[in-house]
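[1] what's the 3D shape of this:
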Amino acid sequence: MKSRWKKRYTFYLTIVLALFIFVVAALANRIFYVIDTGQAGVLYRFFSGTDIENVYTEGLMVVFPWNRVYIYDIREQKLTQSVQVLSFNGLNIEVVFSFRYRPDAAKLPILHQQLGPDYVEKVVNPLLIAAVREVIGNYRPEELYTTHSATIQQEVQRLCQRSIEEFNIRFSQILIQDINLPEKVIVAIEDKLVLQQ
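    Below you'll find the model as predicted:
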């Protein structure tokens, strides 16, 4: 009798164990999260929302399958953009600029709650493009040709520094890589400069 009960117990235990392993394997990508170097995680709990108190650093994180971990790159990142801008007198100019930024790791849960993982598309890009357009729009083409890009960079940086940092995003540098004026305008400006000399 004991032998029969033991076989039945072993059989049921094997089924339960196999079922448990199957469930864990099926939900592994919802249970186990690996946060790499230079990353941080934000925990979203199904029943209570974003965990605002904690920022999860590198390592293995195990959560209930109904919760979710959002992983952010907290290292400095570079974004390069090309944007069409109207100058002071309405001339269409292409400006190529790059921007170095990173999310504020200590305030990552707030950033996640307010903007989410696509914060770059929602905030960083529009603010930068608006700042570049506003600054470049104050110059005439001949001023853009002769003004040092460092001056324009400082104006853009001053304009968008405060507004970007309100969203818990830090940025260290903006670089104007190129200001492309139409060829005819460059020739006219160079001819004018030659005449002045």
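
[2] What lies in contact with stretch 7-26?
    Ile31 (Cβ atoms under 8 Å, 6 or more residues apart in numbering). For the C-beta atoms, the positions are set from N, CA and C on the backbone; glycine is no exception.

[3] what's the burial count for Glu94?
    The number of residues packed around Glu94, counting by other Cβ atoms under 10 Å, is 13.

[4] Tell me the helix or strand right after the one helix or strand it maps to.
    According to DSSP states H and E, Glu94 maps onto strand 92-103. Downstream of strand 92-103, the first helix or strand assigned by DSSP H and E is helix 108-114.

[5] What is the burial count for the closest residue to Leu91 other than its chain neighbours?
    Distances taken as Cβ to Cβ, 6 or more residues apart in numbering place Pro141 nearest to Leu91, at 5.4 Å, with adjacent residues excluded. Neighbour count of Pro141, defined by other Cβ under 10 Å: 19.

[6] My read is that Pro141 contacts Leu181, right?
    Yes. Shown here, Pro141 and Leu181 form a contact pair, counting by Cβ atoms under 8 Å, at 5.4 Å.

[7] Low-confidence stretches in this protein?
    1-5, 24, 26-28, 145-148, 182-197 (pLDDT under 70).

[8] how about the helices in it?
    2-26, 28-31, 108-114, 119, 125-136, 141-146, 149-165, 183-196 (DSSP state H).

[9] do you know which of those lies nearest Phe99?
    helix 125-136 (5.7 Å; Cβ to Cβ).

[10] now for the closest one, which elements pack on it?
    strand 77-86, strand 92-103, helix 149-165 (3 or more Cβ pairs under 8 Å, 6 or more residues apart in numbering; DSSP states H and E).

[11] does Leu144 really touch Asn89, like I thought?
    No. Using Cβ under 8 Å, Leu144 makes no contact with Asn89, being 11.0 Å away.

[12] Tell me which of the two has more neighbours.
    Higher neighbour count among Leu144 and Asn89: Leu144, with 23 against 9, using other Cβ under 10 Å.

[13] any idea how far the nearest residue to that one once chain neighbours are set aside lies from Lys78?
    Take Leu144 and drop its neighbours on the chain: the residue closest to it by Cβ to Cβ, 6+ apart is Ile179, 5.4 Å away. Distance, Ile179 to Lys78, by Cβ to Cβ, to the nearest Å: 19 Å.
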